[in-house]
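S.K.: build me a model from this:
(4 chains)
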Protein chains: 2
Amino acid sequence: MEPTTENEAELLAADAIGDVIEHWGFRKALGRTWTMLYLHGDALPAAELGERLQMSAGAVSTTLTELQRWGVVRKVWIPGERRDFFEAETDFWKMISKVVHERERFLAVSVRERLGRAQAVLKRTGSGAASRARIERLGRLMNFATMAETVIESFLASRRVDFGEFGNLLALGRQVTAAAAGKGRKG
Amino acid sequence: MEPTTENEAELLAADAIGDVIEHWGFRKALGRTWTMLYLHGDALPAAELGERLQMSAGAVSTTLTELQRWGVVRKVWIPGERRDFFEAETDFWKMISKVVHERERFLAVSVRERLGRAQAVLKRTGSGAASRARIERLGRLMNFATMAETVIESFLASRRVDFGEFGNLLALGRQVTAAAAGKGRKG
DNA sequence: CTGAACTTTCAGAAACTTCTGAAAGCTCAA
DNA sequence: TTGAGCTTTCAGAAGTTTCTGAAAGTTCAG
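M.R.: Numbers count the residues shown, from 1 in each chain, chains lettered A, B, ... in the order given. Predicted structure coming up:
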């Protein structure tokens, strides 16, 4: 395929989104590939993605596998076609909530556990005012971690809201607010 | 300094927060160093941080410089001391809003500009239904980017609220909601 | 001034991530 | 059952980030 102006425009957009995605800690290739599929609309075979994005077959394969693991790209069956075709998930909100959820859950557990262990050690061995103050600060850190987790979780819980219209942001605001405030009072 | 149980506990916590920070796209050393300072409470000299965290003088220096640039660690003057001492910012909310703001602003501008350029190219050269559909999808992507930016911005705008108490989350919710809805109606 | 104390900078080392291209592994039509 | 077509895997290459340790720079007491 010779380069066309349309392809240039797609690459421009794909690279821009690629940078955003990279900025948030993923591989640039993930953002580029999703964007190319999203803009194209129709499903594309892996080889064509490789051509359009100048990626090797290997890179395309691992990237598509990862995008599917995140649930933001789907394999589609095209009758009469031997090759696999891929299409982008187009519901931004669904994508974000999936990714954030997946991404935070593991870490949150591990962090809570480790901070708790540190606190136990300090409580067991520490004495004196300085030690008490340190335990207090660690406690505040743990509270903050819990609160951040709660804010993220309730943000995600609102995924049932349809985000097609801006107006629905009102519903999100209410949900985040209520969930966070409720948990906070308990903690 | 021989390793103590207290130091072990501090390291445990520092490494946990270090992982969170790394997860969000910063160097692990930034999170470890901030946490060590935060838990210690009193300001510490660079050399002691190096000992406690097992970092070279060079690494400590660049890490402290970067933490100061983010505004989450301060140099403090201790009378009669020749060395610089450093202490952690303890206001979590202040830290987050500073960091997120700084981090998003540049990228947001660049991305808007590039998506706009891509759209211009498509509008100029495209024709036919497929092309119109592509332009439409790019438009949706741009709208979404604007909305995400708005949500982040209004989240940041609420930094004036005191976050010491969970109850104040209510105020945040209201602010995010109002700002995002207002902007959305215009767009 | 001078030298001691301390900090910053920087070149090269080490560690880590991501990519390429080829080989191995599927799957299906004939 | 074979082989063509396609995908996945993987070893090594390339690229990137971060660290170390030493040299250069800065500051200040005497």
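S.K.: residue A:31 touches residue A:21, doesn't it?
M.R.: Yes. Shown here, residue A:31 and residue A:21 form a contact pair, counting by C-beta atoms under 8 Å, at 3.0 Å. Backbone N, C-alpha and C define where each C-beta goes, glycine included.
S.K.: so these two - more neighbours on which side?
M.R.: residue A:31 (23 against 20; other C-beta atoms under 10 Å in any protein chain shown).
S.K.: close to chain B, is the helix or strand hosting the more buried one?
M.R.: Using DSSP states H and E, residue A:31 sits within helix A:28-40. Yes. With C-beta under 8 Å from any C-beta of the partner chain as the criterion, chain B is reached by helix A:28-40 at A:35, A:38, A:39, A:40.
S.K.: against which helices or strands is that helix packed?
M.R.: Counting contacts by 3 or more C-beta pairs under 8 Å, 6 or more residues apart in numbering or on different chains; DSSP states H and E, helix A:28-40 packs against helix A:5-23, helix A:46-53, helix A:57-69, strand A:73-76, strand A:85-88, helix B:129-157.
S.K.: now those in TSV, with mean pLDDT and distance to residue B:26?
M.R.: As requested, the helices and strands packed on helix A:28-40 are arranged in TSV below (pLDDT from 0 to 100; distance: least, C-beta to C-beta, whole Å):
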stretch	mean pLDDT	distance to residue B:26
helix A:5-23	92	11
helix A:46-53	96	28
helix A:57-69	96	22
strand A:73-76	96	28
strand A:85-88	97	29
helix B:129-157	86	17
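S.K.: what does chain A have sitting close to DNA strand D?
M.R.: A:45-47, A:57-58, A:60-62, A:64-65, A:82-84 (C-beta under 7 Å from any atom of the strand).
S.K.: buried subset of those?
M.R.: Neighbour-count burial (16 or more other C-beta atoms under 10 Å in any protein chain shown) applied to those gives A:45, A:46, A:60, A:64.
S.K.: so how far is chain B from the second one?
M.R.: Counting by C-beta to the nearest C-beta, to the nearest Å, the gap between residue A:46 and chain B amounts to 21 Å.
S.K.: and the closest residue in space to that residue that isn't next to it in sequence, what does it touch?
M.R.: Excluding the flanking residues, the one nearest residue A:46 by C-beta to C-beta, 6 or more residues apart in numbering or on different chains is residue A:60, at 4.9 Å. By C-beta atoms under 8 Å, 6 or more residues apart in numbering or on different chains, the residues touching residue A:60 are A:33, A:46, A:47, A:49, A:50, A:53.
S.K.: just residue A:85 next, same as before
M.R.: Residue A:85 makes contact with A:43, A:44, A:45, A:75, A:76, A:77, A:78, according to C-beta under 8 Å, 6+ apart.
S.K.: pretty sure the last one sits against residue A:43.
M.R.: Yes. Using C-beta under 8 Å as the test, residue A:78 is close enough to residue A:43 to be in contact (6.8 Å).
S.K.: ok, these two, which is more surrounded?
M.R.: When residue A:78 is set against residue A:43 and neighbours are counted by other C-beta under 10 Å, the residue ahead is residue A:43, at 18 against 12.
S.K.: dihedrals phi and psi, the more buried one?
M.R.: Phi and psi for residue A:43, reported as degrees, to the nearest 10, are phi -70, psi 150.
S.K.: pretty sure it contacts residue A:86?
M.R.: Yes. At 5.8 Å, residue A:43 counts as touching residue A:86 under the criterion of C-beta under 8 Å.
S.K.: could you name every residue contacting both of the two?
M.R.: A:37, A:76.
S.K.: which helix in chain A has the most residues?
M.R.: helix A:92-125 (DSSP state H).
S.K.: tell me the domain ranges of chain A?
M.R.: Domain assignment of chain A by automatic domain parsing yields the ranges A:5-88, A:92-186.
S.K.: distance to residue B:107 for these - can I get that in CSV?
M.R.: Putting those into CSV (distance: least, C-beta to C-beta, whole Å) gives the following:
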stretch, distance to residue B:107
domain A:5-88, 6
domain A:92-186, 17
